[in-house]
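# Take a look and give me a structure for this.
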Amino acid sequence: MSEVIRRCHGAMSVRFKLWIALITLLLILSFFFIPILAKASSHQDIENHWAKSYIEWALNENLVRGYEDGTFQPDKSVSEAEFLALFMRAYNVANLSQEGFGNEWHKPYYTYAQTMGWPIIFNNERGSFSRGQVALLIASSVNGKHFVQNTAIQWLLDQGISKGRSSATVKGFAANDKVTRAEALTFIYMLKRHTASLSTTKIMEEKTSLHSIAINDHVNKLLFILGKPLRIDPSEYDFKWYVYNLGKEDYKKYALFGVLDNKIVALYANTPSNWFSSDGIKLNQSLADTKKKLIGEILTKTDHTYYAFSKSGIRYTLFIDAHANDLVIGMLQQVDGLKRHEFSTMQDEHRVALEKQLFELVNSERAIRGINLLQWDTTANIAAKAHSADMMKNNFFNHKNLKKQTPFDRFRAGGITFRIASENIAAGFENSIFTHYNLLNSTTGHRATILNDELQRLGTGVAFGGRYKVYYTQDFYTPLDDTN
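Just a heads-up that it's a prediction; the model follows:
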């Protein structure tokens, strides 16, 4: 009897184990399959939403997720970076394994979009990304060419990718309205039905740009492409100069970018290879040849150092080398209509900025021409500042001060021992850029000093006030003992 019981017990034990194994297997399988269905039905705030089917499609495709509180928030606006991520995941054109962390999560998406020349704005403030920008991005990436906004919208309407917001017209598309999460997914779903893949054609630049940065671009684009600046300087306008020396210590890629309200409003550089222009404006060509290629410009001012004109709301200043048949050697772009402040209102930080830029412009000029770079010299800086202040306070403009001291007398009095030395002075110019090119085009020795390959050190000094409003001094020298 006990033997029979043991056998029955053993049989029941085997069946029990089989049931346990089956239940466990079902639980494991449900772990993999149930969440896919749950993603499409667990967000209560999409149940009666017009875009429910598109959202569920995106959830099932793993393009997007809901929030930790169980909501999806379909009417929440998306940023440009968020739309790019959804868009590129849908077309599998970005390496998700390279997605960054924290503030860098969107880097691979922007890198790909920038490489392809897509019309991205790099502004990720919530609510700043518009339906018009979606149209531009979609039309350009699918067709591999530039579009203007209204043409891009019409293309979406014609292709049935969009029916507009209030009507299937350019106006009814509501280009300036923000893009919601639901709309973003709907755009992508409709586009996927329209085309299976995006164009692989790289869209070439059309606007004049410096290091791929153009006037009116967002500052985030500048920071994304070039990184943090060497420093940020005030200017004589309301904008700040973002100062870059991309060649590190060789000054061959020195560039200035003016930023106001997070927009690029000014550009300056003297490096030909870093500028791009589709209208024939380029460095290292004669001013005469440049003028032949200009169409629709309005001449604003010209003299022996530059040619300035306005076109499409942008003022161009082409700096020339009058000693080299008016070769264009530098370019400044800035938005028309910027308010320029008087020097009398400027603070000490403005003076320091002008001094640093005046020094850097000399080194940039020498670097382009293959001349050894100068070392910043604090003692010469003190001497230069003192002379600029002296000229301003005592109302004179001369290398020799009212005490009849020459620059060399002042150098020695300041503790500078030199083998060779020289000084440049200027007054009244609106900033260091104009000052530099006026000195460079001088016929009275200033140019020779700037380009003298025997000089080794430089200190600059600026003073505000006096008859000319602003005074500039450059003190150059080579130490008596060259090993110093």
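# so what's the residue positioned nearest the centre of the chain up against?
The centroid of the chain falls nearest to L222 when counting by Cα atoms, centre = their mean (1.3 Å). Contacts for L222 were tallied using Cβ atoms under 8 Å, 6 or more residues apart in numbering; they are I213, Y242, F257, V259, I264. Using the backbone N, CA and C atoms, a C-beta is placed for each residue, glycine as well.
# One more: N245?
Counted by Cβ under 8 Å, 6+ apart, N245 has contacts L230, Y251, K253, Y254, E360.
# Now list the buried members of those residues.
Y251, K253, Y254, E360 (16 or more other Cβ atoms under 10 Å).
# Which members of those residues are the farthest-apart pair?
Using Cβ to Cβ, these span at most 11.8 Å, a distance reached by K253 and E360.
# Just the ones of the contacts of N245 in strands?
Y254 (DSSP state E).
# Now tabulate the contacts of N245 in CSV and tack on distance to V93 and pLDDT.
Shown next, in CSV, are the contacts of N245 (distance: Cβ to Cβ, whole Å; pLDDT from 0 to 100):
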residue, distance to V93, pLDDT
L230, 34, 95
Y251, 38, 92
K253, 31, 93
Y254, 35, 96
E360, 40, 97
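# same for the helix or strand containing I433, what does it pack against?
Assigned by DSSP states H and E, I433 belongs to helix 432-440. If contacts are counted by 3 or more Cβ pairs under 8 Å, 6 or more residues apart in numbering; DSSP states H and E, helix 432-440 sits against strand 314-321, strand 327-335, helix 348-368, strand 418-427, helix 446-450, strand 470-479.
# Quick check: the residue lying closest to R165 once chain neighbours are set aside vs Y242, distance?
Spatially, and ignoring its direct neighbours in sequence, R165 is nearest to A174 (4.1 Å; Cβ to Cβ, 6 or more residues apart in numbering). From A174 across to Y242, the span is 34 Å (Cβ to Cβ, to the nearest Å).
# which regions of the stretch 51-200 of the chain lie under the pLDDT threshold?
Scanning the stretch 51-200 of the chain for pLDDT under 70 picks out the ranges 94-102.
# Now do the contacts for K263.
By Cβ under 8 Å, 6+ apart, the neighbours of K263 are N216, D217, H218, V219.
# do the same with Q133
Neighbouring residues of Q133 by Cβ under 8 Å, 6+ apart: E80, P119, I121, V179.
# Ramachandran angles for the first one?
Yep, that's E80 we're talking about. Taking degrees, to the nearest 10, you get phi -60, psi -40 for the backbone angles of E80.
# Please work out how many residues are found near it.
26 (other Cβ atoms under 10 Å).
# so how many other residues sit close to the residue lying closest to it once chain neighbours are set aside?
In this structure, E80 finds its nearest non-sequential neighbour in F129, 4.5 Å apart by Cβ to Cβ, 6+ apart. Using other Cβ under 10 Å, F129 is surrounded by 25 other residues.
# List the contacts of F129.
F129 touches S77, V78, S79, E80, F83, I121, N123, K178, V179, counting by Cβ under 8 Å, 6+ apart.
# Next: W50.
Contact analysis of W50 by Cβ under 8 Å, 6+ apart lists A182.
# Could you confirm it falls within a helix?
No. Under DSSP: H, G, I helix; E, B strand; the rest coil, W50 falls outside any helix and is assigned coil.
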